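# Return atomic coordinates for the entry below.
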Amino acid sequence: QATLLDTWHTIGMRGTGSISLEAKDVLIPEHHLLPNGKNMGQADQQGSDPSDFWDFRNALVTQNAQASIGAAEGALETIRESLAGKRCLPFTVFEPENAQIRMGDSDIVQHQYGRSAALVHSARVILMRGVGELDEYALRREPMPLARQALLRAEQSLINEMVREAIDKLVTVMGNSSLSAGTEVEIAWRDINVITRHANVSTNIGFQALGKVELAASAAAS
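Have a look, this model is predicted:
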């Protein structure tokens with residue numbers, strides 16, 4: 001009773017198998033519906049794992065960061081290995097000396113790679129702190145305060161920006177050879193740019209949430 005529509009034509013995240021479903025004149029019974037609210041996704045019988053008691057809406061915003069950080073860490077490893085044997089880029093005013101040294105020995109390459117590595121490692125720390133806080137509130141069976149929810153959302157937006165900047169700098173270090181279709185770095189670059197722009201983790205909305213909550217609190221206190 002439903003028509004499958006092949007609508008997933010993105011530049012990244014192509015392997016998800018996502019499609020659209022079109023249903024016309026179909027009756028959907030109430031027991032097939034999920035509530036789009038606080039209790040969405042919670043099990044009827046919860047176990048002992050903290051995730052059984054997560055607020056689904058807060059947990060949802062952390063999910064994309066896990067994939068994007070993992071992709072960036074994979075790209076870091078791939079490029080680190082490549083830089084060990086790759087010569088510096090030619091076409092500089094220091095020819096031919098510059099083209100004879102390893103890229104890994106170049107000061108500018110070391111700087112750009114190091115900044116990307118710091119961004120990715122820091123993004124992981126921020127994510128783990130946020131997920132750890134979800135666990136803490138879940139184990140106490142306490143709802144996360146609005147201010148903490150807003151901070152969690154803003155941190156996911158920050159992670160998005162950090163990971164995108166990191167992968168862009170890595171691609172700049174390697175040059176266009178890393179963007180050949182099908183290479184590990186090219187796939188990571190495309191996937192990260194798509195997944196970090198998902199509606200669940202929209203960067204502008206995340207920062208706006210924190211600003212709105214904190215400014216409202218300041219106005220109420222004055």
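# Could you use CA atoms for every contact and neighbour count after this?
Fine.
# For the helix ranked longest in the chain, enumerate the helices and strands it packs against.
The helix that spans the most residues within the chain, counting by DSSP state H, is helix 107-139. With contacts defined as 3 or more CA pairs under 8 Å, 6 or more residues apart in numbering; DSSP states H and E, helix 107-139 has these neighbours: helix 56-83, helix 146-174.
# Pick the most deeply packed of the ones you listed.
helix 146-174 (a mean of 21; mean count of other CA atoms under 10 Å).
# Could you export the helices and strands packed on helix 107-139 as TSV, including mean pLDDT and distance to residue 128?
Below are the helices and strands packed on helix 107-139 laid out as TSV (pLDDT from 0 to 100; distance: least, CA to CA, whole Å):
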stretch	mean pLDDT	distance to residue 128
helix 56-83	89	9
helix 146-174	92	11
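# do you know how far the most centrally placed residue in the chain is from residue 202?
With distances taken as CA atoms, centre = their mean, residue 65 lies nearest the centre of the chain, 3.1 Å away. Between residue 65 and residue 202 the computed distance is 12 Å (CA to CA, to the nearest Å).
# residues shared between the contacts of the two?
Shared contacts of residue 65 and residue 202 (CA atoms under 8 Å, 6 or more residues apart in numbering): residue 196.
# Might you report the residue contacts of the spatially closest residue to residue 198 that is not a sequence neighbour?
Spatial nearest neighbour of residue 198, excluding adjacent residues (CA to CA, 6 or more residues apart in numbering): residue 64 at 8.0 Å. By CA under 8 Å, 6+ apart, the contact set of residue 64 is 195, 196, 198, 201.
# for residue 22, helix, strand, or coil?
Three-state assignment for residue 22 (DSSP: H, G, I helix; E, B strand; the rest coil): strand.
# Residues in a beta bridge with it, which ones?
Beta-bridge partners recorded for residue 22 (DSSP bridges): residue 3.
# I figured it hits residue 6, correct?
No. Taking CA atoms under 8 Å as the definition, residue 22 is not a contact partner of residue 6, at 10.8 Å.
# Can you lay out the contacts of residue 64 as a markdown table showing secondary structure, pLDDT and distance to residue 27?
Supplementary listing: the contacts of residue 64 in a markdown table, determined by DSSP: H, G, I helix; E, B strand; the rest coil; pLDDT from 0 to 100; distance: CA to CA, whole Å:
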| residue | secondary structure | pLDDT | distance to residue 27 |
| --- | --- | --- | --- |
| 195 | helix | 90 | 33 |
| 196 | coil | 90 | 35 |
| 198 | coil | 82 | 30 |
| 201 | helix | 76 | 32 |
